[in-house]
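*Asks:* sequence first, predicted coordinates after that:
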Amino acid sequence: MSLRGLVKRFDTTVAVAGVDLDVPAGSFYGLLGPNGAGKTTTLSMAVGLLRPDFGEARVLGYDVWADPAAAKRLFGVLPDGVRLFDRLNGAELLAYHGLLRGMDPAVVNQRARELLDVLELGVHNKTLVVDYSAGMKKKIGLACALLHGPRLLVLDEPFEAVDPVSAALIRDILQRYVAGGGTVIFSSHVMEVVERLCTHVAILAGGRIRLHGTLAEVRGERSLEDVFVQVVGGRTATGSELAWL
Amino acid sequence: MAVSVTPATFVRLKLRLTVNGLRGQTWRVALFVLGILLAIGFAAGGYATFAVPGLLDDNRVAEMLLTLGGAAILLGWLFLPLIFFGVDESLDPARFALLPLRRHTLITGLFVASMAGVPAVATLVATLGMVDTAARIGGPAAGVAQAAGVLLGLFLCAAVSRAVTSAFATALRSRRARDLATVLLAAVAALLGPLQIAALAGAQHADWDRVADVARVVGWTPLGAAYSVGPDVAAGRWWAVPVKLLIVLVTLAGLLRWWSATLERAMLGTASTRTAAAGRTAAGREPVGRLVFRWLPANRFGALMSREIRYWWRESRRRASLITLAVVGVFLPVMLSITGGGAGAMLTFVGALAAISLANQFGFEGTAYAANVTAGVPGRIEVQSRTAAFSVYILPLLVLIAVVVSLTAGRPGAIAAQLGTLLASYGVGLAVVLPVSVLGAYALPDTANPFAMSSGGGMAKGLFTFGALIIAVVVTLPVTLAAYLLADVWLWIGLPVGAAYGAIAYFVGTRLTGDLLDRRMPELLAAITPHR
């Protein structure tokens, strides 16, 4: 995936001010940034959910905005803060996503069963997705993104609100996916996860990429958290303020 | 640092929230202004109407109009927020839960703040016409009594609306209960219209003495007590004034107490009480078979249409609008044909009304639509599958309406022709509404309260509905005219001609809308995403 000069303005604030990013095929890419850095906005523009004011997004050579049909076939998306069709149950939702992408019904059935089984969502569970817990919603969302066997996975905050057991499961699945030749880009502000999983890292703050490269290049000799706080320009408590605490 | 919290604080907070909500959003400002204009119209019209008995100098008329009119306004405050407009949730009690406020302070504050709104002011101005009347007929003393009544009446209106919506919101904590209640309310609301027509039809025949009796009884209930004191003074029944005001005060106190009790529960929030539904499992059917109906193809169109069909039933807002439509659609024409009016024009109206349920079809599911955008569903398939799914419910309903209307009018031979008219207006209605659903989509709030509306949302809804309705009725005019002019021949050609007219309009509409949607998918998604 490659992004060139993406810009998005909302009313008066500039959410993303020119993002260039190259995600090499076969990489496990972590997009780091504090809250409000523009992670969701950037990823939304990259997958065709939000029209950029300027710039272009390409996936495996296809322009997402000029040739959406071709590009959209190649990636799977787990958006954050977006509802699912939550009045369906898990199996129905997966079938819906599969058929929507023009897959063969037999293949949809087989993969949907397997995904529901592996993600421990219950193949025969009739609970509507709206009644799922936050973690279960993330898992079914991930299943929907994986179902059509995309070459690229774009995940927005895949580990938020997920319990440790499920998080470990998701990590395993993603690692296997990358080992099998897939590419993953995901946003997060949890350093440990990024440090453990990623081959590449980019730090986004104030709508711009501040630092990017392989994990080793970005991190150098220090911990990722130190680099992150320094790049973003956060302050650390000196002890003199908030004395009344 | 302990600055005491007065009701004025709440009023300022509410005004500030209103102003900030308008900032930078031209269409919201426009809707707000329109709302104010409508409110002024309502206030002026109400004042003029209630002032009429004074000008006529007729205390008998005053007694009836003031009492029944006041009761109607109170009922309006009770039902309209629940059914149509939603509640202004800008001062959501749950947000005050963590602040160290005494409940008494909170209740007074929220109550006073609810007066600082357009509806309250409009109601006050409208009911001031009653003071005018009372003063003209019974002199200053009656005017003063009525003024006190009008003020108390306003308090009662505000209290009743807050208490009931709050009670509902807490009672409907679980999703299932909420879905059910929305549907019940929709049914009740839909029945109100026909009842009114029946009442009006009855009033045309009934003698005024009966109405006066009813007014007298209502005047002794909390519904009309506040508004009937002026005429009482004018008629020399001084003793009635304190008694009636007492009735109102007691009711008011009771309502505030009730509100206060439910508020505490509302402040505990909507967390907890998740019922373990894990036990429910389906028999071993394949995922695709569970989604797609057997009579639909297992492909993109089938999946879209099956999901829509399930959604019209499973999502409470949609189901409520279906039920409202069914009740209104059957009763309105039937009432007209029973009371002797022609149901023909009403059928055009009903057909168009059916289509208008789709005016914000993308808003219903909110951001879930993102799934269709990332899957790259072609616009035409999207639009066609949605209308097809909706028609699964609507077409049988239209047939039912045609049959029932023709039978009640005693003209069974006209069934086919009536159906033709309905189909024509439904098709045209779809053609008009579909582009609106893409261009004029707006976000519905994603809250626990099924009655909540984003500010301006209720207004937008009414406006779109009205505009699209008029256009659809006008475009169907050729068919309506043909039905009148070709009375006998129409019985034979009505169905094919009407169906063809509707079908052509529908196909033109879906083509245009489909292409429009292809270009505007991300913009549509942005429009239906609630602001956070």
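*Replies:* Good, I have the coordinates.
*Asks:* could you give the average pLDDT over the helix of greatest length in chain B?
*Replies:* What stands out as the longest helix in chain B, according to DSSP state H, is helix B:118-171. On average, the pLDDT along helix B:118-171 is 85.
*Asks:* show me where pLDDT drops low in the chain?
*Replies:* Went with chain A since none was named. Within chain A, the ranges that satisfy pLDDT under 70 run A:235-239.
*Asks:* chain B is the one I meant
*Replies:* Using pLDDT under 70, chain B drops low at B:1-3, B:21-25, B:27-28, B:80-94, B:168-207, B:265-284, B:335-345, B:445-462, B:464-465, B:531-532.
*Asks:* can you list the domains in it?
*Replies:* Domain ranges of chain B: B:7-267, B:294-527, per automatic domain parsing.
*Asks:* chain A now?
*Replies:* According to automatic domain parsing, the ranges for chain A are A:11-74+A:151-234, A:84-150.
*Asks:* chain center to the last one: distance?
*Replies:* Counting by C-alpha atoms, centre = their mean, to the nearest Å, domain A:84-150 is centred 18 Å from the centre of its parent chain.
*Asks:* repeat that for stretch A:60-67.
*Replies:* Computed by C-alpha atoms, centre = their mean, the chain-centroid distance of stretch A:60-67 equals 19 Å.
*Asks:* and stretch A:71-89, by the same measure?
*Replies:* 11 Å.
*Asks:* and that stretch, does that touch chain B?
*Replies:* Yes - for stretch A:71-89 and chain B, the contact criterion (C-beta under 8 Å from any C-beta of the partner chain) is met by A:72-73, A:77, A:79, A:81-89. C-beta here means a position set from N, CA and C on the backbone, and glycine is covered the same way.
*Asks:* just the ones in strands from those residues, please.
*Replies:* A:Val77 (DSSP state E).
*Asks:* which of the domains of chain A sits most buried?
*Replies:* Ranked by mean neighbour count, the domains of chain A are led by domain A:84-150 with a mean of 21 (mean count of other C-beta atoms under 10 Å in any protein chain shown).
*Asks:* would you work out how far apart the start and end of that domain are?
*Replies:* End-to-end distance of domain A:84-150 (C-alpha to C-alpha, to the nearest Å): 19 Å.
*Asks:* among the domains of chain A, which is nearest B:Ala158?
*Replies:* Ranking the domains of chain A by proximity to B:Ala158 (C-beta to C-beta) places domain A:84-150 first, at 33.6 Å.
*Asks:* which helix in chain A has the most residues?
*Replies:* The residue-count maximum for a helix in chain A (DSSP H) belongs to helix A:164-179.
*Asks:* does chain B sit close to it?
*Replies:* No - counting by C-beta under 8 Å from any C-beta, no contacts exist between helix A:164-179 and chain B, the nearest distance being 15.8 Å.
*Asks:* can you list contacts of that helix?
*Replies:* Identification of contacts with helix A:164-179 by C-beta atoms under 8 Å, 6 or more residues apart in numbering or on different chains yields A:26-28, A:118-120, A:135, A:138-139, A:142, A:146, A:153, A:158-159, A:162, A:184, A:193, A:196-197.
*Asks:* buried residues, stretch B:44-55. List them.
*Replies:* Residues of stretch B:44-55 classed as buried: B:46-47, B:50-51, B:53-54 (neighbour count, 16 or more other C-beta atoms under 10 Å in any protein chain shown).
*Asks:* any chance of those residues in TSV, with distance to chain A too?
*Replies:* Output for the buried residues of stretch B:44-55, formatted as TSV (distance: C-beta to the nearest C-beta, whole Å):
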residue	distance to chain A
B:Gly46	39
B:Tyr47	40
B:Phe50	44
B:Ala51	46
B:Pro53	52
B:Gly54	51
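*Asks:* closest to B:Asp515 out of those?
*Replies:* Comparing those against B:Asp515 with C-beta to C-beta picks out B:Gly46 as the nearest, at 46.6 Å.
*Asks:* tell me if I'm right that that closest one and B:Met130 touch.
*Replies:* No - applying C-beta atoms under 8 Å, one finds B:Gly46 not in contact with B:Met130, separated by 9.2 Å.
*Asks:* now for whichever helix or strand B:Thr510 is part of, which elements pack on it?
*Replies:* Under DSSP states H and E, the secondary-structure element containing B:Thr510 is helix B:487-527. Contact here means 3 or more C-beta pairs under 8 Å, 6 or more residues apart in numbering or on different chains; DSSP states H and E; on that basis helix B:487-527 packs against helix B:370-375, helix B:379-408, helix B:415-439, helix B:477-485.
*Asks:* can you put those helices in a markdown table and add distance to B:Ala326 and mean neighbour count?
*Replies:* Below are those laid out as a markdown table (distance: least, C-beta to C-beta, whole Å; neighbours: other C-beta atoms under 10 Å in any protein chain shown):
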| stretch | distance to B:Ala326 | mean neighbour count |
| --- | --- | --- |
| helix B:370-375 | 28 | 24 |
| helix B:379-408 | 6 | 20 |
| helix B:415-439 | 14 | 26 |
| helix B:477-485 | 23 | 16 |
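*Asks:* list the buried residues of stretch B:510-521.
*Replies:* Neighbour counts over stretch B:510-521 (16+ other C-beta under 10 Å) mark B:510-514, B:516-517, B:520-521 as buried.
*Asks:* can you pull the contacts of residue 135?
*Replies:* Because you didn't say which chain, this covers chain A. A:161-163, A:166.
*Asks:* actually, chain B is the one I wanted.
*Replies:* Residues in contact with B:Ala135 (C-beta under 8 Å, 6+ apart) are B:54, B:142-143, B:146, B:230.
*Asks:* reformat those as TSV; add distance to A:Leu128.
*Replies:* Listed next are these as TSV, based on distance: C-beta to C-beta, whole Å:
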residue	distance to A:Leu128
B:Gly54	58
B:Ala142	60
B:Gly143	59
B:Gln146	54
B:Gly230	55
